[in-house]
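Novice: Build me a model:
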Amino acid sequence: NFEELAIGTNPSDEDSDDDGLNDRDEHETYGTDPLNADSDQDGFTDGEETLGNTDPLGPLDFPATALMNGLVFYTKLDTQILDEINLVTGVITGGNVLPSDGGQIGDAVEFRLPADADQNIEFTPTGVPAAAWSASFWFKPTVPSRRGTIVAANWLGKSFEARTDRGRLQLSSRQDGAEQALESTAILNPNRWYHLGVSRSQEGLLTAYLDGAAGRFMQVDLPATPDVGGEASVLLGGDFGKQHPFSGSVDDVAIWGRKIEAAEFQTISSNGGVGTALDRINDRTAAPRVTVQPRGGAFLVGESTTL
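Specialist: All right, here's what the predicted structure looks like:
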């Protein structure tokens, strides 16, 4: 009781902050604050983070399941060109769309030039909202000075396009006849992997993150629209006008029906992408994590127990 009084916890409550961890474990095992349910202020309680095998003291490390919330489209672009959310295989057009080893996460898809203007991979995910949405992907340009569309999408009277041109990354978003364009301040280097994250809030604020940094783009306001889901057409490696095929590689493409926060994009950029998060969720072979060591138990040879 004297120790609890010294650190300010409630002697009559073993979990003073109701985060799922008892005060002694927080103080002696995890080093977290027994009076603060979310010690690193990343939106997840200390108990949720220990259950998710993430660092309760690391604001950029939080349960991978959070990245799956609102996910309406995801493709690893590995051996199978598969939308893993809708379980639909992408349609490949053009003979210069090739699997490539050495992707940012596992394998990737490479779009090679010279190519006809029809080169692309098309997906048709459903449930993409008109208002709040986000997108994430990795790309490696071989000729960043040449105009080439990396990702293009149309849905519910809206469109989005990300492309290289004159050595920079350009974004355009069209809605209700209005268009907003953004351009990176950084010059893209050839044959280097970059991560792009784009989010649009319910209120119409569009924000772009290149390699996790929002400061390389300006933020623009777009009109708010009703949050109604619908089918989208997503092209990888080319534009809908079939004029500007991309030269380079694309990997790990995801679309959410919600606004992705800056810390989440930083986690994707730093830790390998959405695919890494999926692998962590689906990994059933990870070693168990012992959080409380049993004490005082004795068992005879041949006996068994369940912990």
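Novice: ranges for the helices of this protein?
Specialist: 2-7, 23-25, 46-51, 262-271, 274-282 (DSSP state H).
Novice: The first one - what's its average pLDDT?
Specialist: Going back to what we said before, that points to helix 2-7. In this model, helix 2-7 has an average pLDDT of 72.
Novice: tally of neighbours for Ile121?
Specialist: The tally of other residues near Ile121 (other CB atoms under 10 Å) stands at 23. (Glycine included, C-beta is placed from N, CA and C.)
Novice: burial measure for the residue nearest to Asn22 when sequence neighbours are not counted, as a count.
Specialist: Using CB to CB, 6 or more residues apart in numbering and skipping the chain neighbours, the partner closest in space to Asn22 is Glu14 (4.5 Å). Per other CB under 10 Å, the neighbour tally for Glu14 reads 14.
Novice: got a pLDDT number for Glu14?
Specialist: 89.
Novice: gap between it and Glu161?
Specialist: Distance, Glu14 to Glu161, by CB to CB, to the nearest Å: 55 Å.
Novice: hmm, which helix or strand of the protein has the shakiest average pLDDT?
Specialist: When each helix and strand of the chain is scored by mean pLDDT, DSSP states H and E, strand 220-221 comes last, with a mean of 51.
Novice: for the nearest residue to Arg258 once chain neighbours are set aside, phi and psi?
Specialist: Leaving aside its sequence neighbours, Arg258 sits nearest to Gly70 (CB to CB, 6+ apart; 3.8 Å). Backbone torsions of Gly70, given as degrees, to the nearest 10, read phi 80, psi 10.
Novice: Gly70 contacts Glu261, correct?
Specialist: No: counting by CB atoms under 8 Å, Gly70 does not reach Glu261; the two are 11.7 Å apart.
Novice: Would you mind measuring from the residue nearest to Ile187 when sequence neighbours are not counted to Pro245?
Specialist: With sequence-adjacent residues excluded and distances taken as CB to CB, 6+ apart, Ile187 is closest to Gly167, at 4.9 Å. Distance of Gly167 to Pro245, computed by CB to CB: 18 Å.
Novice: If you count surrounding residues, which of these two has more?
Specialist: Neighbours per residue, other CB under 10 Å: of Gly167 and Pro245, the larger number sits with Pro245, 25 against 16.
Novice: Just the pLDDT at the more buried one, thanks.
Specialist: Reading off the model, Pro245 has pLDDT 91.
Novice: Also Leu82?
Specialist: Taking Leu82 on its own, its pLDDT is 88.
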